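> One predicted model, sequence on top.
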Amino acid sequence: MVFNREALRLMRHKRTRKKVIGTTGRPRMCIKKSLKHTYAQLIDDVTGKTLFTVSTLSRELKGKLKAGDNQAAAEAIGALLAKKCVEKGIKAIVFDRSGYIYHGKVKKLADAARKEGLVF
């Protein structure tokens, strides 16, 4: 059986979603990448609600970024997400990289969130 890169990512994502669970005190930060944009959202899996979402299409970032698919955009998303978390009183999160390898955009987003004060 031959699998392409996306199929392998989805297998990794399914396998890790069994273990990574966000709670009210420590929500899950989920990342999604497309060819044009990057998205990050905070999810409380116990209640089944999304607390908030930040992406390159957000009002705060839309006009400030050159492109929505580069590492600078991912870094801006991580910083903005961390600031919103601190405003809501969330200091610790669970990081769900959605099966993506931890390098490039995913790493920049996580490092920027850590730099702003999130613990994961």
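Nice, thanks for sending it over.

> going forward, measure contacts between C-alpha atoms and count neighbours the same way
Fine.

> Help me confirm that Phe52 is found in a strand?
Yes. Under DSSP: H, G, I helix; E, B strand; the rest coil, Phe52 sits within a strand.

> pLDDT value on it, please?
Looking at Phe52, its pLDDT is 93.

> right, and it touches Leu42 too?
Yes. Proximity of Phe52 to Leu42 meets the contact threshold set by C-alpha atoms under 8 Å, at 5.7 Å.

> Of those two, which one has the most company?
Between Phe52 and Leu42, counted using other C-alpha atoms under 10 Å, the more crowded position is Leu42 (24 against 13).

> Contact partners for Gly78?
Contact partners of Gly78, counting by C-alpha atoms under 8 Å, 6 or more residues apart in numbering, are Ala40, Lys108, Leu109, Ala110, Asp111, Ala112, Ala113.

> What is the neighbour count of Asn77?
One correction, residue 77 is Ile, not Asn. Using other C-alpha under 10 Å, Ile77 is surrounded by 28 other residues.

> try Asn70
Around Asn70 there are 17 residues (other C-alpha under 10 Å).

> what's the closest non-adjacent residue to it?
Take Asn70 and drop its neighbours on the chain: the residue closest to it by C-alpha to C-alpha, 6 or more residues apart in numbering is Lys105, 6.9 Å away.

> Can you give me the distance of the one you found to Gly48?
According to C-alpha to C-alpha, to the nearest Å, Lys105 and Gly48 sit 27 Å apart.
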